[in-house]
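What follows is a predicted protein model with its sequence.
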Amino acid sequence: MTEPTLFDVGTDVGSQLPPAYPHRAPRGTAGTLRQWQQEALDLYIQKKPRDFLTVATPGAGKTTFALRVAKLLVESGEINRIYVVAPTEHLKRQWADAAARVGLAIDPNFKNSDGRHGSQFIGVAVTYAQVANKPALHRNKTEAGRTLVIFDEIHHAGDSLSWGDGVREAFDPAVRRLALTGTPFRSDTSPIPFVEYAEDNDGVPRSKADYSYGYGPALKDSVVRPVVFMAYSGNMRWRTASGEEMEAQLGGAATKDITQHAWRTALNPEGEWIPAVLRAAHQRLMKVRDKIEDAGGLVIATDHEAARAYAAQLDALTGQKTTVVLSDDKEASNKIEEFSEDGSRYWMVAVRMVSEGVDVPRLCVGVYATSTSTPLFFAQAVGRFVRLRKKAEVASVFLPSVPVLTDLANAMEAERDHALAKPEGSVDVDEIPEQAELDAAEQEDRASEELTRGEFAALGSNASFDRVLFDGDEFGIGGEIGSENEMGFLGIPGLLEPDQVSELLRKQQAEQLKRRPQQSQASQADVVDHRQLKTLRNKLNKSVSAYAAKTGMHQGSIHTKLREKCGGPPVGQATQAQLEARLRQVQLWFTRV
């Protein structure tokens, strides 16, 4: 009698599986699958697919699901070779270790020059770059066996045309292909290999997942940690490349360029903002460690120079050597593993090595100290803190209070498919507003990066507590560093269920409001109308923008001249009378041009 294969199984996969093929607990695996993993596995068996795309939030357990599929296919005889394609060298080792725990021997040290892997292994783990370098070699290996290919973070196959072409050439002959991703796909014009696309109502082809499991459902199922975002503002001063000195409130009403300059000033290691935020984050980490003894923290920096400077500040703050992980460090993977296993270590600082896929479950506190602001990178970074262990652990991420980041924090549950936009120059904003908005944002980011190169100089910064963001809501009324308003939020317990987090945040905000000095009836008439202020700020910014377009002057220069002429602080702190005076001055200038 022929041994039953995976696809001999009927539609009722739970009851009709033959005894020789117990897909709910194959040999060498441990524990019970989570509900989403079991649902995805049942669907995989029912669909009998050659290609299968699983989108699941970071920390949900994509690796466990994929290895369960691999184990099933090996034991049924459907496949006899496994390829794992990952973004980084470190993730190759991580996959090999996870596979070994379920009885699958994967070689993460395979090099293209080796040609063949050892007979003691059922397959290899390689990087996307490795495949793109010699696609013909990997195609030959794929054809030499009944091969299952697991694509970890499949969106990387679209990082460059050569990577996508290499992946397609190498793995077109594969018997089975299982694609995984845990972050929103970016939007571009290059389709990701082996991903199915379908036109949406707006006429734009978008990737179609076979199974999706987002952060919202995962949080509700207690599969991931709740993430509390601690936003910090402050006053920033800098000198532009043209030699003009500027000042602005981080996160205040400002142009894109001013926001980017203020943000960059905040992240400057020589200012006061980043040291203050690192101190607050370390206070939070120490509070979390009261209940979670091995809790660790991660700072994600923009570049190597900043990473080393932040690490030096943490060394002085904690009295302990901080782990620094840089992309060009050959010992990077070893450092990550050592930090992951050593619960006595407090902090790790990295640039990109720990932004995606790297599994350090004890990370509970993070500092988003980078100017990268794409939805893809933000989701990858925050994903390092959501992995839940056995306890109801709360993750805390500290970030600059700038609109692009606070909007992303408030939209944690949003899911995006990979959109194939029209070629550049033919995008219709009315047809695909979300796509156009994302493309425009990325173009502005690149333009701002070019603008801030050269003679830009951060002159000074300070930090203030702004607010807390959780589950789409905002809490707190701001406060000075070290104030009761800040310390109340820093001190929330590290072990809480999501509904307990919301309850405590609401309670803390209510206590802050009670501490506010009560205004007398006589003074209530003088209460600032924040809506009127917002209207005046918007009107002033539009007038400045129009004057800049008419004269060719930089908007920041116009704001500076208005302050010199009319007096007062930056727009974000100006009073109604000061804003009205500046509006009158701009209108006067218009009559003279």
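Thanks, I have it. Nothing here was measured: the structure is a model prediction, and the numbers come from that model.

I'd guessed T406 sits against V468; true?
No. T406 is beyond contact range of V468, at 10.7 Å (criterion: CB atoms under 8 Å). For every residue, glycine as well, the C-beta is placed using N, CA and C.

For V84, identify the helix or strand it belongs to.
strand 81-86 (DSSP states H and E).

That strand packs against which elements?
Applying 3 or more CB pairs under 8 Å, 6 or more residues apart in numbering; DSSP states H and E, one finds that strand 81-86 contacts helix 89-101, strand 123-127, helix 128-133, helix 135-143, strand 147-151, helix 161-171.

run the last query once more with 6 Å
If you count contacts as 3 or more CB pairs under 6 Å, 6 or more residues apart in numbering; DSSP states H and E, strand 81-86 packs onto strand 123-127, strand 147-151.

Ok, which of the ones you listed comes nearest K321?
strand 123-127 (29.8 Å; CB to CB).

rewinding a little: pick out whichever of T406 and V468 has more residues nearby.
Each of T406 and V468 has its neighbours counted (other CB atoms under 10 Å); V468 has more, 24 against 19.

And for the more buried one, nearest residue in space, chain neighbours not counted?
Residue nearest to V468 in three dimensions, not counting chain neighbours: F475, with 4.5 Å by CB to CB, 6 or more residues apart in numbering.

same thing with W589?
Y547 (6.4 Å).

Could you point out the longest helix of this protein?
Criterion DSSP state H: the longest helix present in the chain is helix 530-551.

Looking at that one now, give me its mean pLDDT.
Helix 530-551 shows a mean pLDDT of 83 in the predicted model.

Could you list the buried residues of that helix?
533, 536-537, 540-541, 543-544, 547-548 (16 or more other CB atoms under 10 Å).

From the structure, what's the count of residues near A66?
Counted by other CB under 10 Å, the residues lying close to A66 total 26.

What residues does it make contact with?
Residues near A66 by CB atoms under 6 Å, 6 or more residues apart in numbering: 150, 178, 180.

helix, strand or coil for the last one?
Read that as L180. strand (DSSP: H, G, I helix; E, B strand; the rest coil).

my guess is it meets K62, correct?
Yes. In terms of CB atoms under 6 Å, L180 counts as a neighbour of K62; the distance is 4.7 Å.

More neighbours: which of the two?
More neighbours surround K62 than the other of L180 and K62, with 25 against 21 (other CB under 10 Å).

ok, the more buried one - contacts?
Counted by CB under 6 Å, 6+ apart, K62 has contacts 56, 180.

Now do the same for it: its pLDDT.
93.

what does L178 give?
Note on L178: pLDDT of 97.

quick one: contacts for it?
Neighbouring residues of L178 by CB under 6 Å, 6+ apart: 52, 66, 69, 150.

so which strand or helix has the first one?
Spelled out, it's F52. In this assignment (DSSP H and E), F52 forms part of strand 51-56.

Determine how far that strand lies from the middle of the whole chain.
For strand 51-56, the distance from its own C-alpha centre to the chain's C-alpha centre is 19 Å (CA atoms, centre = their mean, to the nearest Å).

so what does it touch, helix or strand wise?
strand 176-181, strand 211-213.

Next, the angle from the following helix or strand past that strand to strand 123-127.
As assigned by DSSP H and E, the chain's next helix or strand after strand 51-56 is helix 62-76. Interaxial angle of helix 62-76 relative to strand 123-127 (axes from the mean of the first three to the mean of the last three CA atoms, to 10 degrees): 150 degrees.

Can you name the secondary structure element that comes next after the lowest-mean-pLDDT helix or strand in the chain?
Ranking every helix and strand in the chain by mean pLDDT, DSSP states H and E puts helix 13-16 at the bottom, with a mean of 31. The helix or strand immediately downstream of helix 13-16 is helix 35-47, counting by DSSP H and E.

where do the helices sit along the stretch 301-450 of the chain?
Shown for the stretch 301-450 of the chain, the helices assigned by DSSP state H, counting those that start in this stretch span residues 304-318, 332-341, 375-382, 403-410, 433-451.

angle of the second one against helix 89-101?
Using the same axes, to 10 degrees, one finds that helix 332-341 and helix 89-101 are set 60 degrees apart in direction.

what about this protein, any weak spots by pLDDT?
1-31, 159-160, 183-189, 200-203, 352-358, 413-454, 517-529, 531 (pLDDT under 70).

Can you give me the domain assignment for it?
As given by automatic domain parsing, the domain ranges for the chain are 6-213, 227-515, 534-592.

for those, which one sits closest to D221?
Closest among these, using CB to CB: domain 6-213, at 6.7 Å.

re the thing from before, now distance to L104 and mean neighbour count too, for the helices and strands packed on strand 81-86, in CSV please.
Below are the helices and strands packed on strand 81-86 laid out as CSV (distance: least, CB to CB, whole Å; neighbours: other CB atoms under 10 Å):
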stretch, distance to L104, mean neighbour count
strand 123-127, 8, 24
strand 147-151, 10, 25
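
Quick one: closest of those to T372.
So among these, strand 123-127 is nearest, using CB to CB, at 21.3 Å.

I'd like the helices and strands packed on strand 51-56 laid out as a markdown table, including distance to L490.
A markdown table is the format used below for those (distance: least, CB to CB, whole Å):
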| stretch | distance to L490 |
| --- | --- |
| strand 176-181 | 34 |
| strand 211-213 | 32 |
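
of the ones you listed, which approaches A457 most closely?
Nearest of the helices and strands packed on strand 51-56 (CB to CB): strand 176-181, 40.1 Å.

Note down every partner strand of that closest one and its orientation.
Next to strand 176-181 in the sheet, as set by DSSP bridges, lie strand 51-56 (parallel), strand 147-151 (parallel).

Any idea what the residue nearest to T88 when sequence neighbours are not counted is bridged to?
Leaving aside its sequence neighbours, T88 sits nearest to T127 (CB to CB, 6+ apart; 6.6 Å). Counting by DSSP bridges, T127 is bridged to A86.

Tell me the spacing between T127 and D51.
21 Å (CB to CB, to the nearest Å).

swap in A136?
Between A136 and D51 the computed distance is 22 Å (CB to CB).

which one of these two has more residues nearby?
Neighbour comparison, A136 and D51: the larger count goes to D51, with 17 against 10 (by other CB under 10 Å).

from what I can see that one touches V195, true?
No. Using CB under 6 Å, D51 is not in contact with V195; the gap is 7.7 Å.

hmm, back to that, residues making contact with the longest helix of the chain?
The contact list for helix 530-551 (CB under 6 Å, 6+ apart) reads 253, 555, 558, 571, 579, 582-583, 586, 593.

Which is the succeeding secondary structure element to it?
helix 555-566.

which other residues reach that following helix?
By CB under 6 Å, 6+ apart, the surrounding residues in contact with helix 555-566 are 244, 246, 255, 258, 544, 547-548, 581-582, 585.

Now, those that are in helices?
Going by DSSP H, the helices hold 258, 544, 547-548, 581-582, 585 from those.

what's the closest of the residues you listed to A411?
Out of the ones in helices among the contacts of helix 555-566, the member with the shortest distance to A411 (by CB to CB) is I258, at 23.5 Å.

Now for the closest one, how many residues are close by?
26.

next one: the one 4 residues further on
Counted by other CB under 10 Å, the residues lying close to A262 total 30.

got a list of what it touches?
A262 sits next to 236, 248, 250 when contact means CB under 6 Å, 6+ apart.

Which members of those occur in strands, if any?
Judged by DSSP state E, the subset of the contacts of A262 located in strands is 236, 248.

Does V228 touch L469 like I think?
No. Checked against CB under 6 Å, the pair V228 and L469 is beyond contact range at 7.6 Å.

in stretch 208-220, what's buried?
209-219.

can you check stretch 164-174 too?
Buried, per 16+ other CB under 10 Å, within stretch 164-174: 164, 166-171, 174.

Let me know the closest of those to A99.
Distance to A99, by CB to CB, is smallest for A174 among those, at 17.4 Å.

State the distance from that closest one to P569.
For A174, the distance to P569 equals 62 Å [CB to CB].
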